[in-house]
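*Asks:* got a predicted structure here, sequence first:
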Amino acid sequence: MFNELFLLAADGSLGAASRPIAPHVVVLWGTAVLVVGLLLFNYLTRAGTIARATVKEAVRQPVFLLLLGTAALIIVANTYVPFFSMGDDTKMFMDCGLATILICSLLLSVWTASISVADEIEGKTAMTLLSKPITRRQFIIGKYLGIVQGSLLLILIAGAIFFAFTYYKFGYDYRESGKGSLELFTWTAVSWLPMEVPMPLESRLAASLQILPGLALIFMEMTLLTGVSVAISTRLPMLVNIVSCFAIFVVGHLTPVLVQSALKDQVFVKFIAQLLATILPSLDNFNMSAAVATGKVIPADYLGLSAIYCAAYAVAAMLLAFILFEDRDLA
């Protein structure tokens with residue numbers, strides 16, 4: 001379904017009645033609203049106290065700096081390493097950079113969920129928190145949003161580095177291909193108002209802004225899988241959680257292929273494929289590789305649909321976590 005909606009959004013059919021909103025504007029305003037909402041949650045609710053402690057725990061652990069350094073190192077190295085892609089080095093660089101940030105953010109969220117939820121339950125630390133005026137549901141919500149904020153911080157820092165090097169990489173490849181040189185700064189090429197303003201295709205800023213929808217989709221996928229990881233961590237230890245999330249990640253990206261390749265004359269195979277596609281998240285909806293390879297920009301309509309799908313599945317994962325943790329023996 002999302003593939004058809006993406007095609008409609010790309011053609012402008014979903015927003016034909018009004019001028020389309022620029023996707024980078026949606027991402028920037030959405031990020032600002034999200035950050036303000038998380039800050040209000042952290043300081044105005046009881047669960048926010050747990051969320052703040054979880055963010056500090058996620059940032060202070062060595063794996064945060066390790067993953068952030070790894071992402072930055074790969075992005076910097078890919079800036080100068082030739083891809084031999086016949087003039088599409090910038091697209092390959094963008095694709096590799098988005099994949100790097102996705103993997104690093106997912107590893108951080110799953111690792112933090114295992115440490116912050118599973119280990120605290122096994123080590124009886126959760127009993128200390130729940131002895132205070134904090135319910136089990138507030139505990140789960142606080143842990144979940146704290147893990148999301150820790151991974152969001154990694155995405156923002158790595159995304160800023162990626163944005164800067166994409167800005168530089170586009171001009172570097174443009175010059176190396178013999179097309180001349182581009183101006184370093186072209187502030188008139190884009191409008192920050194919530195309207196679609198034509199930009200020169202051969203612009204550093206236009207190329208850099210293409211990664212913002214990809215970063216937004218990465219955040220949505222991370223948020224969704226974090227909810228699944230937290231639900232699993234309420235009952236299972238770290239190793240099982242990591243393996244389960246890895247399996248869900250792989251199968252979630254293959255569900256469209258499984259459904260399409262299911263043999264029509266094999267009822268059982270078709271049933272299993274549709275069952276997996278229904279229960280497991282369709283993570284391929286958040287994949288931007290095809291758009292990057294074809295040089296297209298993800299429409300704002302598609303970002304909105306993906307956000308609704310992400311929120312619905314994350315809420316379902318949280319409800320499952322409530323059920324699993326409600327009768328969990330902490331003594």
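*Replies:* All right, it came through fine.
*Asks:* residue 328: which element?
*Replies:* If you go by DSSP states H and E, residue 328 is not part of any helix or strand.
*Asks:* quick check: it vs residue 236, distance?
*Replies:* As judged by Cβ to Cβ, to the nearest Å, residue 328 and residue 236 stand 11 Å apart. All C-beta atoms are positioned from the backbone trio N, CA, C, and that covers glycine.
*Asks:* so for those two, which sits in the more crowded spot?
*Replies:* Each of residue 328 and residue 236 has its neighbours counted (other Cβ atoms under 10 Å); residue 236 has more, 16 against 11.
*Asks:* helix, strand or coil for the more buried one?
*Replies:* Of the three states, residue 236 takes coil according to DSSP: H, G, I helix; E, B strand; the rest coil.
*Asks:* my read is that it contacts residue 119, right?
*Replies:* No. Using Cβ atoms under 8 Å, residue 236 makes no contact with residue 119, being 11.8 Å away.
*Asks:* ok, then the element right after the longest helix seen in the chain?
*Replies:* Identified as the longest helix of the chain according to DSSP state H is helix 136-176. The element immediately downstream of helix 136-176 (helix or strand, assigned by DSSP H and E) is helix 204-209.
*Asks:* figure out how far that following helix is from the centre of its chain.
*Replies:* Helix 204-209 has its C-alpha centroid displaced from the chain centroid by 20 Å (Cα atoms, centre = their mean, to the nearest Å).
*Asks:* mind exporting the C-alpha coordinates of that helix to PDB?
*Replies:* The C-alpha coordinates for helix 204-209 follow below in PDB (Å, rounded to 0.1, in the frame of the first residue of the first chain):
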ATOM      1  CA  ARG A 204      25.100  22.200  -2.900                       C
ATOM      2  CA  LEU A 205      22.200  23.100  -0.600                       C
ATOM      3  CA  ALA A 206      19.600  21.300  -2.700                       C
ATOM      4  CA  ALA A 207      21.700  18.100  -2.600                       C
ATOM      5  CA  SER A 208      22.200  18.400   1.200                       C
ATOM      6  CA  LEU A 209      18.500  19.000   1.900                       C
END
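*Asks:* just give the closest residue to residue 54, not the sequence neighbours.
*Replies:* residue 146 (2.5 Å; Cβ to Cβ, 6 or more residues apart in numbering).
*Asks:* show me where this protein has helices.
*Replies:* Along the chain, counting by DSSP H, helices occupy 2-11, 23-44, 46-60, 62-80, 89-113, 119-122, 125-130, 136-176, 204-209, 211-233, 238-261, 267-279, 289-294, 300-326.
*Asks:* would you mind finding the most buried of those?
*Replies:* Ranked by mean neighbour count under mean count of other Cβ atoms under 10 Å, the helices of the chain are led by helix 211-233, which reaches a mean of 26.
*Asks:* I'd like the average pLDDT over that one.
*Replies:* Across helix 211-233, pLDDT averages out at 92.
*Asks:* what angle do it and helix 89-113 make?
*Replies:* Using axes from the mean of the first three to the mean of the last three Cα atoms, to 10 degrees, the direction of helix 211-233 lies 20 degrees away from that of helix 89-113.
*Asks:* got any ranges where the stretch 101-250 of the chain has weak pLDDT?
*Replies:* Counting by pLDDT under 70, the ranges of the stretch 101-250 of the chain that qualify are 123-132, 172-202.
*Asks:* got the angle between the longest helix of the chain and helix 62-80?
*Replies:* Put simply, helix 136-176 runs at 20 degrees to helix 62-80, going by the same axes, to 10 degrees.
*Asks:* give me the angle between helix 136-176 and helix 46-60.
*Replies:* 40 degrees.
*Asks:* same for helix 136-176, what does it pack against?
*Replies:* On a contact count with 3 or more Cβ pairs under 8 Å, 6 or more residues apart in numbering; DSSP states H and E, helix 136-176 meets helix 23-44, helix 46-60, helix 62-80, helix 89-113, helix 125-130, helix 204-209, helix 211-233, helix 300-326.
*Asks:* include distance to residue 169 when you put those helices into a markdown table, please.
*Replies:* Shown next, in a markdown table, are the helices and strands packed on helix 136-176 (distance: least, Cβ to Cβ, whole Å):
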| stretch | distance to residue 169 |
| --- | --- |
| helix 23-44 | 18 |
| helix 46-60 | 28 |
| helix 62-80 | 5 |
| helix 89-113 | 5 |
| helix 125-130 | 45 |
| helix 204-209 | 8 |
| helix 211-233 | 11 |
| helix 300-326 | 24 |
